[in-house]
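[1] What shape does this take:
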Amino acid sequence: MTQYGMIIDLRKCVGCGACALACKTENNTAIRKDGQTYNWADFLHETEGKFPDTTFRTLPVLCNHCSDAPCVEACPVEPKAMYKTEDGITMHNDERCIGCRACQDACPYSMYEVTKDGAYGEYSVISYNEEGQPTHPFYRDKTELLQGRTGSGAEISSITGSVPPHQTRYNHPDYESVRRDNIVEKCIFCDHRVKNNELPYCVDACPSGARVFGDLNDKNGEPAKLLKQYQHFVLQPEEGTKPNVFYIRDYSAKV
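    Okay, the predicted model is just below:
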């Protein structure tokens, strides 16, 4: 049985952010607002020790598409809005979501409200679109940064005819290319691309090939070979969620 997953090679990742930018443009995620990051691909920046014995590490983070996903267990609707696909993706169905945020509360990799950033260990792989508020408020706001001298977000959207202005349009039976209010949203491994034999866009965009996506159960596939070749770890293994995002070739740079 297929189990899609991702391997992240930490010695190839240079923290350039190309994966995060690619994700935001492909999936039309909003700008951070009111404690919701909308960063389906994000980063943790870990600094440990006391100078001069200080070490540093950057960890790309995303939905772990856990085999025992607490978000799925917590989803109260039937059929579930958050569910596991036959190929192991933790999928979200926009239409069935009631915006209760039980998934966000149950996920050990998510927070109701992110007040700091990855340098403080805060991130959330699930974000919530506030009820009654249109998504992408920045691109609906007519406020000019410099009155009479710069355009507004709303003006740019008006010129391009879409919100957000750079909108990537696609169709999928479970989710919209731009989500509505009062639902949660998260990484879906770019299933609309995978079904077209394309890679998730974060993988496609990585300039160093640090991200490898594929069927973890395919012994001849690159993900399985990398897991066999290198020691690896997952985030918060003590939670027992069986994540399907693995990190290989760990490092801890001394600064």
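[2] Which stretches in the protein count as helices?
    Remark: helices assigned in the chain by DSSP state H are 18-27, 70-74, 102-106, 153-160, 191-194, 201-205, 222-229.
[3] So for the chain, the centremost residue is which one?
    Taking CA atoms, centre = their mean as the criterion, residue 40 is the residue nearest the geometric centre of the chain, at 2.0 Å.
[4] Now do the same contact list for residue 72.
    Neighbouring residues of residue 72 by CB atoms under 8 Å, 6 or more residues apart in numbering: 80, 82-84, 90, 103. From N, CA and C alone the C-beta is placed, and that goes for glycine too.
[5] can you list those residues in TSV and add pLDDT?
    Below are the contacts of residue 72 laid out as TSV (pLDDT from 0 to 100):
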residue	pLDDT
80	98
82	98
83	98
84	98
90	98
103	98
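[6] circling back to that earlier point, now do the nearest residue to the residue nearest to the centre of the chain once chain neighbours are set aside: how many residues are near it, please.
    Distances taken as CB to CB, 6 or more residues apart in numbering put residue 187 closest to residue 40, at 4.1 Å, once the chain neighbours are dropped. Residue 187 has 27 neighbours, counted by other CB atoms under 10 Å.
[7] Residue 187 is in contact with residue 64, isn't it?
    No: under the criterion of CB atoms under 8 Å, residue 187 is not in contact with residue 64, lying 9.2 Å apart.
[8] got any residues that touch both of those two?
    residue 125.
[9] Chain neighbours aside, what residue packs nearest to residue 137?
    residue 33 is the one closest to residue 137 (CB to CB, 6+ apart), at 6.6 Å.
[10] Who does the one you found form a beta bridge with?
    residue 36 (DSSP bridges).
[11] give me the number of residues near it?
    Neighbours of residue 33 under the rule other CB under 10 Å: 15.
[12] Kindly provide the distance from it to residue 175.
    Look at residue 33 and residue 175: by CB to CB, to the nearest Å, they are 20 Å apart.
[13] Quick one: residues contacting residue 76.
    By CB under 8 Å, 6+ apart, residue 76 lies in contact with 98, 100, 102.
[14] Which one of the residues you listed sits in the busiest neighbourhood?
    residue 102 (19 neighbours).
[15] my guess is that one meets residue 70, correct?
    No: applying CB under 8 Å as the test, residue 102 and residue 70 come out as separate, 9.6 Å apart.
[16] who touches both of the two?
    In contact with both residue 102 and residue 70: no residue, using CB under 8 Å, 6+ apart.
[17] Starting from residue 9, give me the distance back to residue 197.
    In terms of CB to CB, residue 197 sits 23 Å off from residue 9.
[18] Which of the two has more residues huddled nearby?
    residue 9 (19 against 6).
[19] where's the more buried one relative to residue 15, distance?
    Residue 9 sits 13 Å away from residue 15, going by CB to CB.
[20] picking that back up, list the contacts of the residue nearest to the centre of the chain.
    So residue 40 contacts 23-24, 27, 29, 62-63, 125, 185-187 (CB under 8 Å, 6+ apart).
[21] Next, give me the two most distant ones among the contacts of residue 72.
    84 and 103 (12.7 Å; CB to CB).
[22] Those two: which has the busier surroundings?
    residue 103 (26 against 16).
[23] That one and residue 126 touch, don't they?
    Yes: using CB under 8 Å, residue 103 is in contact with residue 126, at 6.0 Å.
[24] one step back: out of the contacts of residue 72, which comes closest to residue 149?
    Within the contacts of residue 72, proximity to residue 149 (CB to CB) peaks at residue 103, which comes in at 43.6 Å.
[25] Would you mind confirming that residue 249 is in contact with residue 10?
    Yes: between residue 249 and residue 10 there is a contact at 5.4 Å, judged by CB under 8 Å.
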